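Chemist: What follows is a predicted structure for the sequence shown.
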Amino acid sequence: MAAHGKYGSAETKSLSSHLPLYKRHWATILAQLSQSCGFLPAPPYLCATYITLSSRNSIYYRPTETKPLSFLSLPHMIWLNIASLMGHGCSKKIGISGCWGGDKRKISEKVVLRVNSQVSQNNNIHSTGEEEEGEEKKVIGRNMESTLKSLRDGESVLDLSPRSTVSGGVEDVYGEDRATEDQLVTPWTFSVASGYSLLRDPQYNKGLAFTEKERDAHYLRGLLPPTVSNQSLQEKKLMHNIRQYQVPLQKYVAMMDLQERNERLFYKLLIDNVEELLPVVYTPTVGEACQKYGSIFRRPQGLYISLKEKGKILEVLKNWPERSIQVIVVTDGERILGLGDLGCQGMGIPVGKLALYTALGGVRPSACLPVTIDVGTNNEKLLNNEFYIGLRQNRATGQEYYELLHEFMTAVKQNYGEKVLVQFEDFANHNAFELLAKYGTTHLVFNDDIQGTASVVLAGVVAALKLIGGTLPEHTFLFLGAGEAGTGIAELIALEMSKQTKTPIEESRKKIWLVDSKGLIVSSRKNSLQHFKKPWAHEHEPVNSLLEAVKVIKPTVLIGSSGVGKTFTKEVVEAMTLNNDKPLILALSNPTSQSECTAEEAYQWSEGRTIFASGSPFDPVEYKGKVYASGQANNAYIFPGFGLGLVISGAIRVHDDMLLAASEALAKQVSEENYKNGLIYPPFSNIRKISANIAANVAAKAYELGLATRLPRPQNLVEYAESCMYTPVYRNYR
Ligand SMILES: NC(=O)C1=CN([C@@H]2O[C@H](COP(=O)(O)OP(=O)(O)OC[C@H]3O[C@@H](n4cnc5c(N)ncnc54)[C@H](OP(=O)(O)O)[C@@H]3O)[C@@H](O)[C@H]2O)C=CC1
Ligand SMILES: CC(=O)C(=O)O
């Protein structure tokens with residue numbers, strides 16, 4: 001690049017010493033550009049980009065083709081150019097064009113920046129009234145101009161005749177007055193000289209917590225009432241407000257509004273009040289939110305990729321404002337919790353899961369991308385609902401479906417590289433297993449419903465052994481539900497058993513039985529079974545009901561993964577209690593309405609003898625004067641730490657042993673005190689520590705398997721994981 005030879009570190013240093021003069025301009029502009037234009041990479045890659053001026057006052061961004069300009073950072077370059085613009089009276093509006101790689105994405109018609117109007121109106125840097133500063137600016141302006149000449153192809157801004165600022169008229173009420181009713185409107189217009197947009201930027205907004213200094217530095221005077229608050233006080237107020245809502249969906253909407261308004265405060269609330277707010281942003285409330293997504297829809301969250309975007313998915317990914325993505329959670333909305341096909345409205349799930357990635361696992365929010373693939377829905381109710389937000393057609397299947405998914409997976413790798421984690425979420429099982437198998441060898445993919453659930457349940461079962469006795473291979477398992485969750489868990493338990501007993505996995509599988517909607521899975525059904533059920537088709541007489549299966553199989557552990565509520569009846573729980581001193585019963589189905597039984601039912605029907613955990617939380621239950629607090633057997637314990645482990649080790653593939661490593665780390669976090677209370681999972685209030693431990697164990701496994709690319713391996717992986725975690729405390733602004 002031409003710039004290499006021209007910009008020495010000495011000059012950069014001398015320029016940076018002047019930064020305070022212009023910091024308001026470049027800092028604001030930089031922040032806005034990097035968030036809004038989408039083609040600027042986030043730090044630390046900023047140094048790989050430079051900007052220059054065209055003869056039409058456009059700023060061009062060009063990524064360096066081969067290596068970064070290590071000695072010249074983008075803030076300097078932006079500052080140089082802005083300084084130059086201001087110093088030489090360019091027009092108050094600057095169109096921006098951008099190109100990224102070979103992909104020319106001209107948006108000069110769309111993005112308009114208004115540079116500090118006071119300075120540009122004067123068209124003369126000396127007339128700011130600050131003689132000393134003005135003098136410095138002049139010098140800088142000249143330095144800049146000489147260096148810019150080598151960067152641009154055409155005319156200098158110095159050669160342009162200064163345009164006076166036009167005020168009033170159609171231009172100033174652009175997109176608002178009647179005269180412009182039929183004109184196209186540019187939704188992105190930033191007033192750089194005002195902090196108004198900063199207040200509306202969730203990533204940087206602090207609301208009343210902006211300090212006096214920040215209010216001055218960022219043009220916020222008058223835009224906020226005089227009081228200066230702090231994050232703790234804001235948190236107190238918001239928690240108070242949220243607690244006023246009686247209806248969970250109102251709390252959900254309030255939290256989503258907060259996320260859209262002030263991201264750090266949202267995460268502060270979620271982290272500090274995790275046990276109270278998890279049921280709001282996650283199961284069970286997120287289920288209702290998805291069902292009503294069209295009606296409560298305010299601002300779009302995440303990226304929607306529908307059949308309409310076929311052939312353009314790479315472009316769609318480029319519309320997302322962040323470039324440095326580490327985790328994508330993607331759904332096609334076909335199996336949302338136990339609620340079935342919610343089509344495009346399933347978006348609540350990737351959004352919710354990624355909020356947990358940040359709050360529970362410490363992956364920074366800007367590195368998270370929620371995606372919904374909309375291939376239609378077979379949910380007639382939604383198709384006939386006027387507020388439905390998705391494609392109004394039945395689901396595309398077969399080749400059409402797989403081609404869209406393939407284009408997505410290819411574009412993801414092309415755009416974000418090898419190490420971006422794609423978490424499949426709430427796909428129906430007829431696609432989920434196939435997608436995992438297909439992309440497991442070419443991408444860093446993880447299916448939370450199959451693998452995350454398996455890992456969390458194995459951890460719970462291993463921890464429960466302290467309470468129910470015996471070793472893992474000594475137990476007999478019965479599942480109600482033989483889909484993603486059921487067969488995923490069964491397979492990981494069998495894997496762990498066979499590692500412990502050093503016997504083939506086929507042997508271990510014999511201790512595990514599954515019931516689906518047609519009854520016990522037995523060998524006589526083998527020919528008609530889906531492929532993922534076949535390994536579980538053991539020799540046995542057909543058994544039609546769960547109750548009968550409990551009676552004949554005599555399981556010590558009963559696991560519900562059917563998505564159908566109320567299926568662990570009184571008779572079923574009593575039969576479990578008859579066979580076992582302490583039965584382990586896990587009702588995994590979500591949301592609460594689909595839970596196989598409630599905590600109260602489990603304790604009452606087992607006369608307080610069951611060790612119970614459920615997918616969605618239940619309040620503690622009092623039975624015969626004793627309080628029973630049940631745990632939450634939910635993959636939320638696993639995926640945030642698991643993903644963090646992959647990210648910090650730079651893993652390129654997921655391996656089953658990493659799931660076992662995550663399980664082991666989680667089980668180890670259950671304390672004696674937890675056991676005393678009958679708990680088989682640690683409380684969520686410790687989740688960040690738990691996630692750091694899971695991440696460390698997963699990363700260690702990735703290094704051991706040769707799947708980690710981040711070298712050298714950190715000595716202390718727990719400390720390293722903790723040091724990498726996002727914190728929501730406000731930062732001080734220059
Ligand atoms: N707690 C947690 O962390 C997690 C919980 N889940 C929950 O588990 C549930 C199932 O999810 P998933 O496995 O992905 O779903 P799938 O659709 O893949 O599997 C559901 C299974 O349940 C069976 N089933 C349905 N109705 C009945 C019935 N009346 N009696 C017996 N079996 C029945 C189905 O049978 P058939 O094959 O014959 O149709 C199928 O085998 C959901 O509610 C989900 O929310 C899922 C993941 C994680
Ligand atoms: C928790 C979860 O992933 C589910 O219910 O689908």
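Modeler: Everything's here; your move. Note that the structure is predicted; figures quoted are calculated from it, not measured. Numbers count the residues shown, from 1 in each chain. Ligands and ions are numbered 1, 2, ... in the order given.
Chemist: Around ligand 1, pick out the residues from the stretch 301-450 of the chain.
Modeler: Contact residues (C-beta under 6 Å from any ligand atom) of the stretch 301-450 of the chain with ligand 1: 335, 337-338, 429, 449. Using the backbone N, CA and C atoms, a C-beta is placed for each residue, glycine as well.
Chemist: repeat that for 5 Å
Modeler: Neighbours of ligand 1 within the stretch 301-450 of the chain, by C-beta under 5 Å from any ligand atom: 337-338, 429, 449.
Chemist: So which of those residues are in helices?
Modeler: Asn429 (DSSP state H).
Chemist: Farthest-apart pair in the residues of the stretch 301-450 of the chain next to ligand 1, please.
Modeler: Spatially, the most separated pair among those is Leu337 and Asn429, at 14.0 Å (C-beta to C-beta).
Chemist: Neighbour count: those two, which is higher?
Modeler: Leu337 (26 against 21; other C-beta atoms under 10 Å).
Chemist: Of the residues of the stretch 301-450 of the chain next to ligand 1, which is the nearest to Val329?
Modeler: Distances from Val329 to these, taken by C-beta to C-beta, are shortest for Asp449, at 11.6 Å.
Chemist: so which of the residues of the stretch 301-450 of the chain next to ligand 1 comes closest to Gln594?
Modeler: Gly338 (3.4 Å).
Chemist: can you pull the contacts of that closest one?
Modeler: The contact partners of Gly338, by C-beta atoms under 8 Å, 6 or more residues apart in numbering, come to 562-565, 589-591, 593-594.
Chemist: Just give me the closest of the residues you listed to Tyr293.
Modeler: Nearest member of the contacts of Gly338 to Tyr293, counting by C-beta to C-beta, is Pro591, at 14.4 Å.
Chemist: what number of residues lie near that closest one?
Modeler: Neighbours of Pro591 (other C-beta under 10 Å): 23.
Chemist: what's near enough to touch the residue nearest to it when sequence neighbours are not counted?
Modeler: Using C-beta to C-beta, 6 or more residues apart in numbering and skipping residues adjacent in sequence, the residue nearest Pro591 is Pro284, 3.3 Å away. The contact partners of Pro284, by C-beta under 8 Å, 6+ apart, come to 248, 590-593, 616.
Chemist: Dump the residues of the stretch 301-450 of the chain next to ligand 1 into TSV; add pLDDT as well.
Modeler: Below are these laid out as TSV (pLDDT from 0 to 100):
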residue	pLDDT
Leu337	97
Gly338	97
Asn429	98
Asp449	98
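Chemist: Can you flag which of the contacts of Gly338 belong to helices?
Modeler: Cross-referencing the contacts of Gly338 against helices under DSSP H gives no overlap.
Chemist: List, out of those residues, those positioned next to ligand 2.
Modeler: Among those, the residues within reach of ligand 2 (C-beta under 5 Å from any ligand atom) are Asn590.
Chemist: neighbour-wise, which of the contacts of Gly338 leads?
Modeler: Neighbour counts for the contacts of Gly338 peak at Ser589, which has 27 neighbours (criterion: other C-beta under 10 Å).
Chemist: Contact partners for the residue in the chain positioned nearest to ligand 2?
Modeler: Taking C-beta to the nearest ligand atom, ligand 2 has its nearest neighbour within the chain at Asn590, 3.7 Å off. The contact partners of Asn590, by C-beta under 8 Å, 6+ apart, come to 283-284, 287, 337-338, 615-616, 634.
Chemist: Among these, which lie within helices?
Modeler: Mapping the contacts of Asn590 onto helices (DSSP H) picks out Gly287.
Chemist: JSON lines please, covering the contacts of Asn590 and showing distance to Leu354.
Modeler: Formatted as JSON lines, these follow (distance: C-beta to C-beta, whole Å):
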{"residue": "Thr283", "distance to Leu354": "15"}
{"residue": "Pro284", "distance to Leu354": "18"}
{"residue": "Gly287", "distance to Leu354": "17"}
{"residue": "Leu337", "distance to Leu354": "16"}
{"residue": "Gly338", "distance to Leu354": "21"}
{"residue": "Gly615", "distance to Leu354": "19"}
{"residue": "Ser616", "distance to Leu354": "19"}
{"residue": "Asn634", "distance to Leu354": "16"}
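Chemist: Which members of the contacts of Asn590 additionally contact ligand 2?
Modeler: Among those, the ones lying near ligand 2 by C-beta under 5 Å from any ligand atom are Leu337.
Chemist: Help me confirm that Ser616 comes into contact with Ser595.
Modeler: Yes. The criterion here is C-beta atoms under 8 Å, and Ser616 meets it with Ser595 at 6.1 Å.
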